[in-house]
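Engineer: got a structure for you, letters missing:
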């Protein structure tokens with residue numbers, strides 16, 4: 001089982017990062033910002049996704065990324081691609 005798990009995970013790494021003022025990705029463990037990265041589709045929705053005429057606002061977790069957001073990033077394809085998979089927040 002351990003061999004299968006190692007094979008499944010080889011080549012992929014998870015990192016934490018921050019979206020910069022220039023909308024680049026800055027990984028915690030990498031010196032340079034990354035201007036070209038992939039984003040999970042749910043983080044690209046229109047900020048006014050829900051109709052506020054009913055008094056509802058788009059939940060923060062569905063709003064698009066903005067500067068200062070902390071994100072979980074999957075590093076794939078041997079480090080060639082970086083995929084923002086989720087916005088992360090402190091709990092508690």
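Structural biologist: Sure thing, it's come through. Worth saying up front: this structure is predicted, and the values here are computed from it rather than measured. Residues are numbered from 1 along each chain as shown.
Engineer: residues contacting residue 74?
Structural biologist: Shown in contact with residue 74 (CB atoms under 8 Å, 6 or more residues apart in numbering): 12-14, 82-83, 85. Backbone N, C-alpha and C define where each C-beta goes, glycine included.
Engineer: Same check on residue 14?
Structural biologist: Residue 14 touches 72-75, counting by CB under 8 Å, 6+ apart.
Engineer: Secondary structure and distance to residue 43 added to these, as JSON lines?
Structural biologist: Putting the contacts of residue 14 into JSON lines (DSSP: H, G, I helix; E, B strand; the rest coil; distance: CB to CB, whole Å) gives the following:
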{"residue": "72", "secondary structure": "strand", "distance to residue 43": "11"}
{"residue": "73", "secondary structure": "strand", "distance to residue 43": "12"}
{"residue": "74", "secondary structure": "strand", "distance to residue 43": "13"}
{"residue": "75", "secondary structure": "strand", "distance to residue 43": "17"}
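Engineer: just curious, which of those residues is nearest to residue 39?
Structural biologist: residue 73 (10.0 Å; CB to CB).
Engineer: Which residues are in contact with the spatially closest residue to residue 27 that is not a sequence neighbour?
Structural biologist: Leaving aside its sequence neighbours, residue 27 sits nearest to residue 17 (CB to CB, 6 or more residues apart in numbering; 4.3 Å). Residues near residue 17 by CB under 8 Å, 6+ apart: 25-28, 70-71, 73, 84.
Engineer: how close does residue 17 sit to residue 39?
Structural biologist: Here residue 17 is placed at a distance of 12 Å from residue 39 (CB to CB, to the nearest Å).
Engineer: which residues are common contacts for the two?
Structural biologist: Shared contacts of residue 17 and residue 39 (CB under 8 Å, 6+ apart): residue 84.
Engineer: Of the contacts of residue 74, grab the buried ones for PyMOL.
Structural biologist: Buried members of these, defined by 16 or more other CB atoms under 10 Å, are picked up in PyMOL with:
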select buried, resi 82+83
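Engineer: Neighbour-wise, give me the winner out of the contacts of residue 14.
Structural biologist: Sorting the contacts of residue 14 by how many neighbours each has (other CB atoms under 10 Å) puts residue 73 first, at 24 neighbours.
Engineer: Fine by me, thanks again.
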